[in-house]
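Chemist: any chance you can model this:
(chains A and B)
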Amino acid sequence: DTGVSQNPRHKITKRGQNVTFRCDPISEHNRLYWYRQTLGQGPEFLTYFQNEAQLEKSRLLSDRFSAERPKGSFSTLEIQRTEQGDSAMYLCASSFAVGGRNTEAFFGQGTRLTVV
Amino acid sequence: EDQVTQSPEALRLQEGESSSLNCSYTVSGLRGLFWYRQDPGKGPEFLFTLYSAGEEKEKERLKATLTKKESFLHITAPKPEDSATYLCAVRTEGTNFNKFYFGSGTKLNVKP
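Modeler: Below is the predicted model of the structure:
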């Protein structure tokens, strides 16, 4: 296993277009997280999945954002009608949780979105 | 409200000059404190997990410690390749609220 994989690495889109990012977690991990990071800031939580169930969404996740994790494997994050303020690095992470224990989260290399 | 604060924002060291980075937190029910290293344009790379006050972890020139209110990342005799942003994150308790809160990071620059 090569770790968490994110595609594409870079995306440039025009304002108003829709974009979709993909994340492939570490295979045995049942938790998957999406974060957004802007320059000079730490990652901000967007949403997370336990298997295929989306358990929490941040207030940052407006109606234009939607995330899915069909069959508890890979996940997609879609942004509709992109705005310049959506420009950021979108990070995916995964971890393994069982009972009351949850391992550390391992991150992918991120998708850098630029909205022009 | 849960909060994670890292200081300093930036730190410049000469090679071999030891120092410490601070991460202070106010959260309801800590379920782990995590240190990550992040290089420009890349995702965070996991370094350490600390679960209880008094715990310490070491890896090469890095040593992480934890108290009830803060964590320190000690860097001994740093090298230029240690230059990166160091992020601290906490995980809080709750049935479905197992998410990670990150600080803004400390950008470390080690000059040869």
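Chemist: quick one: low-confidence ranges for the chain?
Modeler: Chain wasn't specified; assuming chain A. Applying pLDDT under 70 to chain A flags residues A:1, A:100.
Chemist: can you look at chain B instead?
Modeler: B:1-2, B:94-98.
Chemist: let's see 50
Modeler: B:96 (pLDDT under 50).
Chemist: and the strands in it?
Modeler: Ranges of strands in chain B, per DSSP state E, are B:3-7, B:10-14, B:19-26, B:30-38, B:45-50, B:56-59, B:62-66, B:70-75, B:84-92, B:100-102, B:106-111.
Chemist: in its sheet, which strands sit next to the shortest one, and in what direction?
Modeler: Right, the one you point to is strand B:100-102. Here strand B:100-102 has these sheet partners by DSSP bridges: strand B:84-92 (antiparallel).
Chemist: what are the contacting residues of the partner strand?
Modeler: A:42-43, A:102, B:2, B:4, B:6, B:21, B:23, B:25, B:27-39, B:44, B:47, B:71, B:73, B:98-103, B:105-108 (CB atoms under 8 Å, 6 or more residues apart in numbering or on different chains). Using the backbone N, CA and C atoms, a C-beta is placed for each residue, glycine as well.
Chemist: sorry, back to before: which of the strands of chain B sits closest to A:Ile79?
Modeler: Closest to A:Ile79 of these, according to CB to CB: strand B:100-102, at 21.0 Å.
Chemist: pull out the buried positions in that closest one.
Modeler: B:Phe100, B:Tyr101, B:Phe102 (16 or more other CB atoms under 10 Å in any protein chain shown).
Chemist: hmm, who's touching it?
Modeler: The contact list for strand B:100-102 (CB under 8 Å, 6+ apart) reads A:33, A:35, A:42-45, A:93, A:105, B:2-4, B:27, B:34, B:87-92.
Chemist: same question, stretch A:4-23
Modeler: Contacts for stretch A:4-23 (CB under 8 Å, 6+ apart): A:24-26, A:32, A:34, A:74-84, A:90-94, A:106-116, B:43.
Chemist: can you flag which of the residues you listed belong to strands?
Modeler: Going by DSSP E, the strands hold A:24, A:32, A:34, A:75-79, A:90-94, A:106-107, A:111-115 from the contacts of stretch A:4-23.
Chemist: and chain B, which of those residues contact it?
Modeler: Here is what survives when these are matched to chain B using CB under 8 Å from any CB of the partner chain: A:Leu91, A:Ala93, A:Phe106, A:Phe107, A:Arg112.
Chemist: switch those over to JSON lines; also include neighbour count and distance to A:Arg59.
Modeler: Below are those laid out as JSON lines (neighbours: other CB atoms under 10 Å in any protein chain shown; distance: CB to CB, whole Å):
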{"residue": "A:Leu91", "neighbour count": "26", "distance to A:Arg59": "18"}
{"residue": "A:Ala93", "neighbour count": "27", "distance to A:Arg59": "20"}
{"residue": "A:Phe106", "neighbour count": "20", "distance to A:Arg59": "26"}
{"residue": "A:Phe107", "neighbour count": "23", "distance to A:Arg59": "22"}
{"residue": "A:Arg112", "neighbour count": "16", "distance to A:Arg59": "23"}
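Chemist: and the two most separated of the residues you listed?
Modeler: The most distant members of those, if one measures by CB to CB, are A:Phe106 and A:Arg112, lying 19.1 Å apart.
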